[in-house]
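# Predicted coordinates and the sequence they were generated for:
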Amino acid sequence: MFLLPKGSPLFENLAVSKLKLPEVLSKLSNGAFTGYASFVFQSSTAILVFEAGKLVSALVEGQNSKRDTGFEALSTLAELMVTTGSGSLNVYKLSKDLTMCIHALLEGETLYKAQELKLIDIKSLLEKIKEDQMNGCLRIYTDEHSAMIFYKDGNPLGFFHDGSSDIETSSSESQKIAGLPGAKIDLFSTKSADELMGTDLLEIANIQKIWDTSVNLHKTEIDKTDLERQERDKKALSQKLVELEEQVKSIVGEHIGKFGAGIVDKEISDSGGNSCLIDTERAEKFIKNVERASKLLASGTNIKAMVEKLTTVISIAKAEI
């Protein structure tokens, strides 16, 4: 995304996670705002351009320079606001004419794109911009530097370059960049500010519906993820209980002989299943019942050792689960 002039800040660095798109747009629209709102996320940037409260342009640029405009941009922005949980909002007031130039830069007609400056008769191009009374933006750049010249009716409104925060009257930086090896230009044109006033995305798009759709889709996705996690946890717990049950059978069998497994099966069944092994009260009762059932099958010493081992193993397993 191009670096844009900041103009007069209305808001800066507002946490997007605390905002709702319909409320933001309503505030800017009702305030007859002229300028742009910039939503900055980790891997995407959204720019909304306003003219006297009308939303004349919406653009979202994501990874790999993928761009959405208009209705699609608003839908993408709503999704980003709902799902990312991060991001910041900056809102800058600009003049009516400069707002028109920002629109040209973002969504205007592309007359030249990545054209090498050395192949262009720049003098003739500037004369044509003036003769055609063009509204728009001329971008001059290299891989490391960039500058923009904004035009209204063929006349330069001002100059903007990397590192500045507002429009300047001097063309020196633009001229420096134009003289660098490998310099290129982009040229974008757009309608006049008055013609742009005929466009208002807020009249075309149902912002509340777009927002609600994103919120509902996100909730559905969260619910689905939670359900899948619960199912995974349930399966994992079931597997751990099976393993614990087998360990308990092994301990009881080791101390009282071949009838041990049968005793464990009965007591687990009477206790409502192997989940009793990780319930403190039920586990204590289970161990006492196994101890009682084992008294005729083994010596007191063996039973005491069995109970101690069962208590230790079940306690460890319960702590891990």
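Alright, I've got the coordinates.
# Tell me which stretches of this protein form helices.
Assignment of helices within the chain using DSSP state H yields the ranges 21-30, 70-83, 96-107, 122-131, 172-178, 193-196, 201-204, 207-256, 260-270, 280-294, 300-320.
# Of those, which shows the lowest average pLDDT?
Note on those: lowest mean pLDDT is at helix 193-196, with a mean of 66.
# re the thing from before, out of the helices of the chain, which gets nearest to R139?
Between R139 and those, the shortest gap by CB to CB is with helix 96-107, which sits at 7.3 Å. In this view, the C-beta of every residue, glycine as well, is placed from N, C-alpha and C.
# burial of L180, as a residue count?
By the criterion of other CB atoms under 10 Å, L180 has 14 neighbours.
# That one against T142, yeah?
Yes. The pair formed by L180 and T142 meets the contact definition of CB atoms under 8 Å, at 5.1 Å.
# Point out the most buried one among the helices of the chain.
Mean neighbour counts were taken over those using mean count of other CB atoms under 10 Å, and the top value, a mean of 24, falls to helix 96-107.
# Now do that helix: distance to the chain's middle.
27 Å (CA atoms, centre = their mean, to the nearest Å).
# what's the domain layout of this structure?
With domains defined by automatic domain parsing, the chain comprises 1-108+192-205, 109-189, 229-320.
# Span of the second one from start to end?
One end of domain 109-189 sits 5 Å from the other (CA to CA, to the nearest Å).
# could I have stretch 211-227 exported to CSV, CA atoms only?
Coordinates of each C-alpha in stretch 211-227 appear next as CSV, following Å, rounded to 0.1, in the frame of the first residue of the first chain:
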residue,chain,number,x,y,z
TRP,A,211,-21.1,-6.6,9.5
ASP,A,212,-23.6,-9.0,10.9
THR,A,213,-22.7,-11.6,8.3
SER,A,214,-19.1,-11.4,9.3
VAL,A,215,-19.9,-11.6,13.0
ASN,A,216,-22.2,-14.6,12.5
LEU,A,217,-19.7,-16.5,10.2
HIS,A,218,-16.9,-15.9,12.8
LYS,A,219,-19.2,-17.2,15.6
THR,A,220,-20.1,-20.2,13.5
GLU,A,221,-16.4,-20.9,12.9
ILE,A,222,-15.5,-20.5,16.6
ASP,A,223,-18.4,-22.8,17.6
LYS,A,224,-17.2,-25.4,15.0
THR,A,225,-13.6,-25.1,16.3
ASP,A,226,-14.8,-25.4,19.9
LEU,A,227,-16.9,-28.5,19.1
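# Run the chain-centre distance for it.
On CA atoms, centre = their mean, the centre of stretch 211-227 falls 14 Å from the chain's centre.
# Same question for stretch 17-29.
On the basis of CA atoms, centre = their mean, stretch 17-29 sits 17 Å off its chain's mean C-alpha point.
# mind starting the numbering at 37 from now?
Happy to do that; since the first residue is 37 now, the last one works out to stretch 53-65.
# now D157: how far from I221?
Taking CB to CB, to the nearest Å as the measure, D157 falls 12 Å from I221.
# Which one's more surrounded, those two?
Neighbour count, other CB under 10 Å: between D157 and I221, I221 has more, with 21 against 9.
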